[in-house]
Every structure is written in structure tokens, then in C-alpha cells.
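# Need coordinates for the below:
(one chain, ligands or ions: 1)
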Amino acid sequence: MRPPGPVADADGPSRSSQQETVRPVLLGASLKLYLDVDASVAWATSLAEIARAHPAVVAGDVRLFILPSLPALDRVITAVAGSPISVGAQDLFWAERGAYTGAVSGADLARLGCRYVEVGHAERRHVFGEDDAIIRRKLAAAVRNGLTPVLCVGEETQQEADLAGETCIAQIESAIADADDLDDLVVAYEPEWAIGQAEPAAPEHVTAVVAQLRSHLARRGLAGAAVIYGGSAKPGLLSTLSSGVDGLFLGRFAHEPQAFASIIDEAVGTHREGEEP
Ligand SMILES: O=C[C@H](O)COP(=O)(O)O
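Predicted coordinates for the structure are as follows:
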């Protein structure tokens, strides 16, 4: 499923590995509201230079996506054009057109050149009051407009992996309930208690929860969905997770382009066998 509008990423390398059984590593980063527009463009420009020069990214073995703030989207898309970086938005509204002051249409995001859109982040739930019903409608809108949802799920408080997995599976099921023809999905496992901290969740916890999510998605016919980890992810983490995740969803620790570059280096060699996300 592809967006109907121009696509800001260079999908050539990614598509070229479609017949292979090795899954690429997916690294995403959301800027949240940390950087202003000029700083976002400068950051994206640096990442594009790194991406263009990195053999694993050029080959499609490591895929990158970035989610700047909405006012920065257009300029960031221009800044990374021709590089192997995909761009997405941090939010969308559930309807394309109408009397919805301040809302952002998925159709416009796709037309602008977005490939991804984030749905269900803990900050959207807690700061903006989004609930399961809103997340479900937004995810359906993303799919309807050819955007790949980056669906964030995660338990609120620290608990054992089995329980956390159950919570996340319930969130996934609720979120995808109204999405017709869902064939492209990224699930970002973000335990809420690990977001904005000094350290990420323990690797054993992450891999145990992600294993449950992968099994569940496979049973639902969504084995191709990538399951990535977010929550204070930073350089050094991916090596400890090995093939236990499909990649990382980065926040603050991606603000320094060289940190992002070092995570790309770590990603090399952590592919796993299976259907391509
Ligand atoms: O969107 C990203 C996640 O919420 C992680 O953010 P963080 O790494 O700054 O905790």
C-alpha cells in the first residue's frame, strides 16, 4: 500500500530486497516538539547525508524514517528528497475534510509526501486525551490514505512481560479493528514507564514482550508487521536486543545525528529471517 501523492523517500533499495527472506532493520525517530523548524531541517539534512553514505542504508538492509513536527514537514521532505529516508507525521485526524478546526488530514499528509504516520503515542493519550476509540479511527484514516501507521502500544506501569504483552495485544486489536485492507503496519512497543527516562527498559523485558507481539501478529496474518522498541532507546541498546526486535523508535537520543549514525552501525547484522515488513 503506497501513498497516492509524491513519496519523499527513496524506496528503490527497500523494494529491491522484497524477494529476500532477511528482514531489514527499521530505525525511526520522532522529534516530538523538541526542535523548531529550522533545527528540524538542519537535523534532517545531516541524517540524509549520513544515510546516503551508509552502505547498509543504501542497500535497504537498514531503513530509516523520521517524524518531524507538522510545520516542519514540507521543508524536511524537501531536505531528504533523493535520500533513503522516509518521512512521516506524528499525528493525523480521523476525517479527511470537514469542519474540524486545527485538524490535519491524512490525505494531505500523503499528498505532501509522507509515508508514515504515528498513532496512539502515550503522549497523545495523556496530554491530548486520546482514547482507544480515537486511536482506532485515526489508524483507519491512516490506512485509508495509504499511510503506514506507526502504532504505539505499551503498558502504563512496570509489570511482568506476560501482562505487558497482554496489554499491548489488546491495544493492537482495538486499534486495528476498523482498518480495512491493513497490509503495512509498524508496531512501536513503548512501555510508558520507559519513555523520557535516562535508560530504556531491560532488554530481557523488551524481547519477551516483542516475542508475544510478533506471535500474535503472525496469528492475525500480520507477520510482515515490524515491531520496534521505543522508550529512551539510545546507542548501545540495539546490540543487546539483537534480532529480538525489528528496530528502534528513537526520541531524544536521536537528536544528535552522530548518535543516529552509530545506531545504524549497530543495526548492521541484526537482521532476522522472515517476511519483510
Ligand atoms: O517517540 C519516541 C518515544 O516516545 C521515545 O522517546 P524518548 O526516547 O525520548 O524516551
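
# C-alpha only now, for contacts and for neighbours.
OK.

# near the ligand, which residues of the stretch 151-277 of the chain show up?
Contact residues (C-alpha under 6 Å from any ligand atom) of the stretch 151-277 of the chain with the ligand: 195-197, 230-233, 249-253.

# how about the helices in the stretch 151-277 of the chain?
Using DSSP state H, counting those that start in this stretch, the helices of the stretch 151-277 of the chain run over 161-176, 203-219, 237-241, 257-267.

# export those helices to TSV and tack on mean pLDDT?
Shown next, in TSV, are these (pLDDT from 0 to 100):
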stretch	mean pLDDT
helix 161-176	98
helix 203-219	98
helix 237-241	96
helix 257-267	97
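
# Adding mean neighbour count, write the ones you listed out as a markdown table.
Written out in a markdown table, the entries for those read as follows (neighbours: other C-alpha atoms under 10 Å):
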| stretch | mean neighbour count |
| --- | --- |
| helix 161-176 | 19 |
| helix 203-219 | 18 |
| helix 237-241 | 18 |
| helix 257-267 | 19 |
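
# for these, which one sits closest to Trp43?
Trp43 lies closest, by C-alpha to C-alpha, to one member of these: helix 257-267, at 6.8 Å.

# ok, residues contacting that closest one?
When contacts are defined by C-alpha atoms under 8 Å, 6 or more residues apart in numbering, helix 257-267 is touched by residues 25, 27, 43, 46-47, 50, 62, 234-236, 238-239, 247, 253-254.

# and those, which of them are in strands?
Mapping these onto strands (DSSP state E) picks out 25, 27, 62, 247.

# Most widely separated two among the residues you listed?
Maximum pairwise distance in those, criterion C-alpha to C-alpha, is 8.9 Å, between Val62 and Gly247.

# any residues in contact with both of the two?
Jointly contacting Val62 and Gly247 under the rule C-alpha under 8 Å, 6+ apart are 25-27, 267.

# among those, who's most crowded?
In terms of neighbour count, Val25 stands highest of the shared contacts of Val62 and Gly247 at 30 neighbours, by other C-alpha atoms under 10 Å.

# Show the pLDDT at it.
Val25 carries a pLDDT score of 97 in this model.

# My guess is it contacts Gly247. True?
Yes. Val25 is within contact range of Gly247, at 5.1 Å (criterion: C-alpha atoms under 8 Å).

# Helix or strand: which one has Gly88?
When secondary structure is defined by DSSP states H and E, Gly88 falls within strand 85-89.

# helices and strands around that strand, which ones?
Judged by 3 or more C-alpha pairs under 8 Å, 6 or more residues apart in numbering; DSSP states H and E, strand 85-89 is in contact with strand 62-67, helix 73-80, strand 116-119.

# Once you drop chain neighbours, what's closest to Ala208?
Distances taken as C-alpha to C-alpha, 6 or more residues apart in numbering put Ala161 closest to Ala208, at 6.1 Å, once the chain neighbours are dropped.

# gap between that neighbour and the ligand?
Look at Ala161 and the ligand: by C-alpha to the nearest ligand atom, to the nearest Å, they are 19 Å apart.
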